[in-house]
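Participant: Pasting a predicted model and its sequence here:
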Amino acid sequence: MSVEVMPSGVKCNLNCSYCYQAPLRDAGNFTSEETSIDKMIQALEKSGQYFTVFGGEALLTPIADLEKLFQYGFNKHGQNGIQTNGSLITDAHIELFNRYNVHVGFSMDGPNELNDLRWAGSLEKTRLTTEKSHKALYKVINQHMPCSLIVTLHKKNATGDNLVKLKNWFNMLAGMGLKYVRLHLLEVDHPFVQSLALTEDEAFNAIVLLEQVSSKLEIDTYSDIPRMMKGEAFSPTCIWNNCNPFNTSAVYGINSDGSLSNCGRTNKDGVNFLKSDSEGDERYHALLNTPEEYGGCKGCEFFPICGGECPGQSHDWRVRTSHCSLLKRIFRFYKDRVGYNPILHDGPRTNVEHGDHYDYGSTMVVEVRQ
């Protein structure tokens, strides 16, 4: 489980063209009315988990508030985390990161024009912001601080010559000492974002090519797939965690007023709903019993490892991911290479696959078996 603390809500210094948090900002729901670091720490104390300071842009949080959170995290867990676009990092932040053992996660899509969708208001400002982000990333790597990178794949950085540039950039970062990269595909929620999304062929080619990056660099999310195919026992990336969209088990959000929320990827209506008190398996029962032509996963051989993927990666949490066809292609690619002997990891889908009985009120009792 990832715990995301959001002292600045979804406020951001950028306006990324594809940001999945845009519906919240469009609705004016940038953050809670109250910001209380003490209440956030109280919520963290109840969770008992290591946490990451998140956003929006996490570094819009006043540095004194950041230090208070990091000091708590260091005393409690011996470490901290933050996710940032990196453009606001100063020497004071670097000192703070070093003092409180902060793992710095950077969100950027490549050098120069590859990062242009992380828009700062004009092309000139965007390129300047990108330059600041890269300088900060290189500085953190050169100081041997724990860090990682999230890259979203799209038309601007994962096709043609730009895909080669992205691969070369990864190899350069691996040579500098970066060890971890996470790849994201676009969460498509409106027509403009669809225009930025890779075709199935483009996405497949990009993932296969980037797999060839230096062995010194671990690229997760899609590199998790061969491990799942082989049935290895490990904790896969969040998109394979079978989340209930009303109580996302992969992400435990803490808002600026100390209230609890879910992973922002499931917010489609501009409302940051509070976290449900209990989890549910309804999505996985529905997917397992619904034919594919109606948005389900019935009969799919890869359901044990995929489970319809992230509920935030479709227009409606009740249907499977919009990336289904691509994922099947990747699954088949690795099946030919490593075989297929999946095991079930802990999560809602485990009970569904094992055929447990569930009573959905007064209408019916469902027994699920394949």
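Facilitator: Sure, I can see it.

Participant: going forward, measure contacts between C-alpha atoms and count neighbours the same way
Facilitator: OK.

Participant: just checking, residue 280 is part of a helix?
Facilitator: No - counting by DSSP: H, G, I helix; E, B strand; the rest coil, residue 280 falls outside a helix, being coil.

Participant: which residues sit against the longest helix anywhere in the chain?
Facilitator: Using DSSP state H to define each element, the chain has its longest helix at helix 123-142. With Cα atoms under 8 Å, 6 or more residues apart in numbering as the test, helix 123-142 has contacts from 85-89, 94, 106, 108, 111-113, 115-116, 118-120, 146-147, 176-178.

Participant: If you compare the directions of the helix or strand following that helix and helix 123-142, what angle comes out?
Facilitator: With elements assigned by DSSP states H and E, the helix or strand that comes after helix 123-142 is strand 147-153. On the basis of axes from the mean of the first three to the mean of the last three Cα atoms, to 10 degrees, strand 147-153 is oriented at 140 degrees to helix 123-142.

Participant: what about the helix or strand following strand 147-153, average pLDDT?
Facilitator: Reading on from strand 147-153 to the C-terminus, the next helix or strand found by DSSP H and E is helix 160-176. For helix 160-176, mean pLDDT is 96.

Participant: Next, the angle strand 147-153 makes with the helix or strand following helix 160-176.
Facilitator: Counting by DSSP H and E, the element after helix 160-176 in chain order, helix or strand, is strand 180-185. Put simply, strand 180-185 runs at 20 degrees to strand 147-153, going by the same axes, to 10 degrees.

Participant: what packs against strand 180-185?
Facilitator: Strand 180-185 is packed against strand 147-153, strand 218-220, with contacts defined by 3 or more Cα pairs under 8 Å, 6 or more residues apart in numbering; DSSP states H and E.

Participant: buried ones in that strand?
Facilitator: 180-183 (16 or more other Cα atoms under 10 Å).

Participant: Any stretches of this structure with poor pLDDT?
Facilitator: 1, 343-370 (pLDDT under 70).

Participant: from the helices and strands packed on strand 180-185, which stretch is densest packed?
Facilitator: strand 147-153 (a mean of 20; mean count of other Cα atoms under 10 Å).

Participant: Return stretch 111-125 as CSV; C-alpha atoms alone will do.
Facilitator: The C-alpha trace of stretch 111-125 is given here as CSV (Å, rounded to 0.1, in the frame of the first residue of the first chain):
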residue,chain,number,x,y,z
PRO,A,111,14.6,16.0,-22.4
ASN,A,112,13.7,19.1,-24.3
GLU,A,113,10.7,18.7,-26.7
LEU,A,114,9.9,15.3,-25.3
ASN,A,115,8.6,17.0,-22.1
ASP,A,116,6.5,19.7,-23.9
LEU,A,117,3.2,18.3,-22.8
ARG,A,118,4.1,19.3,-19.2
TRP,A,119,3.0,22.7,-20.1
ALA,A,120,4.1,25.9,-18.2
GLY,A,121,2.0,28.5,-20.2
SER,A,122,4.2,29.0,-23.2
LEU,A,123,6.8,27.0,-25.1
GLU,A,124,9.6,29.2,-23.8
LYS,A,125,8.5,28.8,-20.2
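
Participant: Quick check: buried residues in that stretch?
Facilitator: 111, 113-120.

Participant: residues near residue 212, how many?
Facilitator: 10 (other Cα atoms under 10 Å).

Participant: again with residue 68
Facilitator: Neighbours of residue 68 under the rule other Cα under 10 Å: 13.

Participant: residue contacts, the closest residue to residue 153 other than its chain neighbours?
Facilitator: Leaving aside its sequence neighbours, residue 153 sits nearest to residue 185 (Cα to Cα, 6 or more residues apart in numbering; 5.4 Å). The contact partners of residue 185, by Cα under 8 Å, 6+ apart, come to 152-154, 197.

Participant: Residue 180 too?
Facilitator: 147-149, 217-220.

Participant: and it, what are its bridge partners?
Facilitator: Per DSSP bridges, the residues bridged to residue 180 are residue 218.

Participant: distance of it from residue 98?
Facilitator: 19 Å (Cα to Cα, to the nearest Å).

Participant: Next: residue 158.
Facilitator: 33 Å.

Participant: how many neighbours does residue 88 have?
Facilitator: Residue 88: 16 neighbours (other Cα under 10 Å).

Participant: If we ignore the residues flanking it in sequence, what's nearest residue 164?
Facilitator: residue 158 (8.0 Å).

Participant: doesn't residue 167 make contact with that neighbour?
Facilitator: No - using Cα atoms under 8 Å, residue 158 is not in contact with residue 167; the gap is 9.1 Å.

Participant: So between the two, which is more surrounded?
Facilitator: residue 158 (27 against 22).

Participant: residues contacting that one?
Facilitator: 164, 166, 198, 202-203, 206.

Participant: go on, residue 254?
Facilitator: Contacts of residue 254 by Cα under 8 Å, 6+ apart are 3-6, 40, 43-44, 260-261.

Participant: Mind checking which of those are buried?
Facilitator: Buried subset of those (neighbour count, 16+ other Cα under 10 Å): 3-6, 40, 43-44, 260-261.

Participant: mind listing which of those residues are in helices?
Facilitator: Using DSSP H, the buried ones among the contacts of residue 254 in helices are 40, 43-44.

Participant: Can you add distance to residue 191 and give the residues you listed back as a markdown table?
Facilitator: Formatted as a markdown table, those follow (distance: Cα to Cα, whole Å):
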| residue | distance to residue 191 |
| --- | --- |
| 40 | 37 |
| 43 | 38 |
| 44 | 38 |
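
Participant: domain assignment for the chain?
Facilitator: Structurally, the chain divides into domains by automatic domain parsing as follows: 2-222, 280-367.
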